[in-house]
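Novice: here you go, sequence then predicted model.
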There are 2 protein chains.
Amino acid sequence: MTANISSQPHEAFLADWAVHSRFGAVEGTGGVERQAASVADGEQRKWFAQLLEQHGFTVRHDAIGNQFGLLELVPGAPYVLTGSHMDSQPTAGRFDGAYGVMASAHACFRIAEELRADPSKARFNLAVVNWFNEEGSRFKPSMMGSSVFTGKLDLDTALATTDPRGITVRDALGAIDQLGDAADLAALAEMTVASYAEIHVQQGRSMEEDGVTIGLVNATWGARKFEFKITGEQAHSGSTIMADRRDALLGAARLIVAARELVDEFEPGILHTACGEINVYPNSPVVVASDVQLLFDLRSPDADVLNRAYARVMEKVEAVKAQDRVDIEIVAEHSWDQNPYPEDGLALAREVAEDLGLTHDRVMTVAGHDSTNMKDDVPTIMLFVPSVDGISHSLKEYTRDEDLVAGLDHLAGVIRRLAGGALVN
Amino acid sequence: MTANISSQPHEAFLADWAVHSRFGAVEGTGGVERQAASVADGEQRKWFAQLLEQHGFTVRHDAIGNQFGLLELVPGAPYVLTGSHMDSQPTAGRFDGAYGVMASAHACFRIAEELRADPSKARFNLAVVNWFNEEGSRFKPSMMGSSVFTGKLDLDTALATTDPRGITVRDALGAIDQLGDAADLAALAEMTVASYAEIHVQQGRSMEEDGVTIGLVNATWGARKFEFKITGEQAHSGSTIMADRRDALLGAARLIVAARELVDEFEPGILHTACGEINVYPNSPVVVASDVQLLFDLRSPDADVLNRAYARVMEKVEAVKAQDRVDIEIVAEHSWDQNPYPEDGLALAREVAEDLGLTHDRVMTVAGHDSTNMKDDVPTIMLFVPSVDGISHSLKEYTRDEDLVAGLDHLAGVIRRLAGGALVN
């Protein structure tokens, strides 16, 4: 059967979505610049709070700036939680994260209306969440809000984290008035989460190529991420004899090139590598660099590939140390295995897609999402809609309206079932 | 004959030198951090002004913050100018530039005393200079003060130049009160320079290896310097398929490695290459970089080597553009040919060394110096003293006291002759 959905909720969603995308908009592009706890992030959060309140939701913030909209339908019952994040990378797309929060809100608005009309169908309450700092561009690590919420990251550590200008998370959240007060914290302490659902644009192009509208995320790729510290010695970059140099930037450059070359040693598509951030000291035109910090990522769905790639990187590190007379150490490391989402959630999401007549397929996510944190604690469903050409973390990121509203309908179907008690014994 | 020099001027020099090295001192090292127009630079300039005034010199600043100490012995006559720069690279040595200014001051103090005692020997007046921003680490280009003084760089352009935080040269110099006032500018407009002398630590190790105390600088190496702009496209650095990426940081890394590999295609020691500065956007852990600025230098005493090296770099640029699907353009370029110092100045400096019984040899400079600007306008002598292990632009930079005072004696001998009219018809 195909659910009977009027176009009205679509129009309301698309209208709010258009307003939403104006916060931090980068003129002349479809994209946004809305890093965590920036002015634009703060303005958007205030607008979003109003939207939630207009639909009868109570807005609460926790101690790490996660923004919740709560609707109590069944006094004292646990909550179905759904959301994503509104912060962005620098000069990024307007869909990443933000689509998930807005789809969650509108899906909840729709289901709230249904449950108010027929309260017997509600077993759980509804909550929308806008997680703080999923991107990790301004404050590291990424997925900060959901990590603190799930107890994976210490609150005080997170609040004391600084951006490159030395501003703490605590001060940045205070400046945009997004830290929960005592009443907020007390209310949220009462909230029990029954289940979690999140929808996101794919950030890859397989669904678009395969003609799939709804991605049923069955696992995250495994990852090994390192922060390398490469140490050489300052010297005059003109007059110092080449053989006397210990050039930390040269050592880093060899690792960046090695990361790319490593990919070609494996089956196509099975290994992604990247170096996205480098910080160089003294970074002066006539000084050989003495200190470089380099972030280096390996990602694969195959644990054996990751292990072999890791071993090859360590071989290269030893070679560069010898060749360029630099020291290289790993000062931070963050790894996770290929990590499945629960099968009963996948089955539920597949049924909803079939009810709605939406094409669907199982897909893996390469990128991390807040649901990766949530799924370790509660029944969790992660959904994708297609992303044109797979472009993401770019002003050119784009998802078509028909996919946005199909995803909204699907998420609403998922939340309807979760609110009725699905996946929870 | 060996000149009879009492040890007293050496003690006075070394005592002032010890005070001088405290400005911007990096604790626990022998080095300094005293970038152009920093607080430490400003404090040191005020102290230096007092020192000059105590010895009867009048302190004047020009419109680009060059600091002059003038002593008029022959009313209306031109000046023998001598000096170097007190600004440093980040976490740098205490000798680079600063030794030259302090040796110039003390050499002038000594010669001023002689000429006051016997005015008949003075044909010219004496002036010490502390050139603004020789290093170019905070504000580009390097040798800014002497470039403006010699008309090679436009004053307004220089004053409007910003540091990485957006502070202009004008504001930075204003903040430390080092911009000349109307009286200063009027006085300096009257000053004609008869000749110029500069002494510096070698920043190479050939003199130390050859047992030479006084380097008679006969030429600068040629150089070709580029600022590359490498343009790719932002993308998610985890999920984007490798083949879809246009990674500007990868392109830059290939050029950094190529710079080093290029050296091995040439005779040992004939080519120096370097990439000391790189700026990456967005420089975020999970974003493929879209924009990289990379500084890239080639230096050689041989014009043919420079030309061949340049051609090889351009071949590599084309290869990287094709291989990594990035755009690479040269947005700034600065080149100079192998460039001789005048032979009559070298002959004068050799005679002074022989009079003093100091070992000496002709040496080339790889690094640029303010004298490179001055020598195009007036008779100019450039001198070196040895630098232990050739280390420079490093906290570990070191020159022994006996070499410092030998250089002081030698420079005083040069200034004595210049003040008497040598090299000027």
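Specialist: Alright, I've got the coordinates.

Novice: any idea how chain A splits into domains?
Specialist: A:8-220+A:339-419, A:222-336 (automatic domain parsing).

Novice: okay, now stretch A:77-88: how far is its last residue from its first?
Specialist: 33 Å (Cα to Cα, to the nearest Å).

Novice: rewinding a little: of all the domains of chain A, which one is nearest residue B:409?
Specialist: Among these, domain A:222-336 comes nearest to residue B:409, with 24.7 Å by Cβ to Cβ. Backbone N, C-alpha and C define where each C-beta goes, glycine included.

Novice: so which of the domains of chain A gets nearest residue B:24?
Specialist: domain A:222-336 (14.0 Å).

Novice: so residue A:372 sits in a helix?
Specialist: Yes. Applying DSSP: H, G, I helix; E, B strand; the rest coil, one finds residue A:372 inside a helix.

Novice: hmm, back to that, closest to residue B:279 out of the domains of chain A?
Specialist: The nearest among these, by Cβ to Cβ, is domain A:222-336 at 7.6 Å.

Novice: average pLDDT for the closest one?
Specialist: Averaged across domain A:222-336, the pLDDT comes to 97.

Novice: same thing with stretch A:142-160?
Specialist: The model assigns stretch A:142-160 a mean pLDDT of 97.

Novice: distance from that stretch to the middle of the chain?
Specialist: Distance of stretch A:142-160 from its chain centroid, counting by Cα atoms, centre = their mean, to the nearest Å, is 14 Å.

Novice: what about it, start to end distance?
Specialist: 15 Å.

Novice: so does that stretch get close to chain B?
Specialist: Yes. With Cβ under 8 Å from any Cβ of the partner chain as the measure, stretch A:142-160 is seen reaching chain B through residue A:142.

Novice: buried residues in that stretch?
Specialist: Within stretch A:142-160, the residues that qualify as buried are A:142-150, A:153, A:155, A:158-159, counting by 16 or more other Cβ atoms under 10 Å in any protein chain shown.

Novice: list just the nearest of those residues to chain B.
Specialist: residue A:142 (6.9 Å; Cβ to the nearest Cβ).

Novice: correct me, but the closest one touches residue A:132?
Specialist: No. Using Cβ atoms under 8 Å, residue A:142 is not in contact with residue A:132; the gap is 11.0 Å.

Novice: picking that back up, as JSON lines, the domains of chain A with distance to residue B:73 would be great.
Specialist: JSON lines is the format used below for the domains of chain A (distance: least, Cβ to Cβ, whole Å):
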{"stretch": "domain A:8-220+A:339-419", "distance to residue B:73": "53"}
{"stretch": "domain A:222-336", "distance to residue B:73": "37"}
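
Novice: which among those is found nearest to residue B:102?
Specialist: domain A:222-336 (20.0 Å).

Novice: residue A:300: neighbour count?
Specialist: The tally of other residues near residue A:300 (other Cβ atoms under 10 Å in any protein chain shown) stands at 24.

Novice: identify the bridge partners of it.
Specialist: Per DSSP bridges, the residues bridged to residue A:300 are residue A:222.

Novice: that one contacts residue A:267, correct?
Specialist: No. Here residue A:300 lies out of contact with residue A:267, judged by Cβ under 8 Å, at a distance of 10.0 Å.

Novice: what sits up against the lengthiest helix in chain A?
Specialist: Longest helix of chain A, by residue count under DSSP state H: helix A:303-324. Residues outside helix A:303-324 that contact it (Cβ atoms under 8 Å, 6 or more residues apart in numbering or on different chains) are A:222-224, A:226, A:228, A:232, A:246-247, A:250-251, A:254-255, A:258-259, A:262, A:265-267, A:270-271, A:273, A:296, A:298-300, A:326-328, A:337-338.

Novice: give me the nearest residue to residue A:265, chain neighbours excluded.
Specialist: Leaving aside its sequence neighbours, residue A:265 sits nearest to residue A:312 (Cβ to Cβ, 6 or more residues apart in numbering or on different chains; 6.8 Å).

Novice: may I have the helix or strand residue A:11 falls within as CSV, with CA atoms only?
Specialist: Using DSSP states H and E, residue A:11 sits in helix A:8-20. Output of helix A:8-20 as CSV, limited to C-alpha atoms (Å, rounded to 0.1, in the frame of the first residue of the first chain):
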residue,chain,number,x,y,z
GLN,A,8,0.8,20.4,2.2
PRO,A,9,3.4,19.1,4.7
HIS,A,10,5.9,19.1,1.8
GLU,A,11,5.2,22.8,1.1
ALA,A,12,5.5,23.7,4.7
PHE,A,13,8.8,21.8,5.0
LEU,A,14,10.3,23.3,1.8
ALA,A,15,9.2,26.8,3.0
ASP,A,16,10.9,26.4,6.4
TRP,A,17,13.9,24.7,4.7
ALA,A,18,14.3,27.8,2.5
VAL,A,19,14.4,30.1,5.5
HIS,A,20,16.7,27.8,7.3
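
Novice: go through that helix and flag the buried ones.
Specialist: For helix A:8-20, by 16+ other Cβ under 10 Å, it's A:9-10, A:13-14, A:16-17, A:20.

Novice: rewinding a little: any idea how many residues pack against the residue nearest to residue A:265?
Specialist: The tally of other residues near residue A:312 (other Cβ under 10 Å) stands at 16.

Novice: same check, this time on residue A:302
Specialist: Other residues close to residue A:302 by other Cβ under 10 Å number 16.

Novice: could you confirm whether stretch A:97-117 reaches chain B?
Specialist: No. Stretch A:97-117 is not in contact with chain B by Cβ under 8 Å from any Cβ; minimum separation 12.0 Å.

Novice: quick check: buried residues in that stretch?
Specialist: Buried positions in stretch A:97-117, judged by neighbour count with 16+ other Cβ under 10 Å: A:97-112, A:115.

Novice: returning to that earlier point: tabulate the buried residues of helix A:8-20 (JSON lines), appending distance to chain B.
Specialist: Converted to JSON lines, the buried residues of helix A:8-20 look like this (distance: Cβ to the nearest Cβ, whole Å):
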{"residue": "A:9", "distance to chain B": "30"}
{"residue": "A:10", "distance to chain B": "27"}
{"residue": "A:13", "distance to chain B": "25"}
{"residue": "A:14", "distance to chain B": "25"}
{"residue": "A:16", "distance to chain B": "26"}
{"residue": "A:17", "distance to chain B": "21"}
{"residue": "A:20", "distance to chain B": "21"}
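
Novice: contacting residues around stretch A:251-260?
Specialist: A:228, A:230, A:232, A:273-275, A:278, A:280, A:292, A:294, A:296, A:313, A:316-317, A:320-321, A:323-324, A:326, A:328, B:242, B:247, B:249-250, B:252-254, B:256-257, B:275.

Novice: CA atoms only: put that stretch into PDB for me.
Specialist: Extracted C-alpha coordinates of stretch A:251-260, given in PDB (Å, rounded to 0.1, in the frame of the first residue of the first chain):
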ATOM      1  CA  GLY A 251      58.600  15.000   5.700                       C
ATOM      2  CA  ALA A 252      54.900  15.800   6.000                       C
ATOM      3  CA  ALA A 253      54.600  16.300   2.200                       C
ATOM      4  CA  ARG A 254      56.100  12.800   1.700                       C
ATOM      5  CA  LEU A 255      53.400  11.400   3.900                       C
ATOM      6  CA  ILE A 256      50.600  13.300   2.100                       C
ATOM      7  CA  VAL A 257      51.800  11.900  -1.200                       C
ATOM      8  CA  ALA A 258      52.200   8.400   0.300                       C
ATOM      9  CA  ALA A 259      48.600   8.600   1.500                       C
ATOM     10  CA  ARG A 260      47.400   9.000  -2.100                       C
END
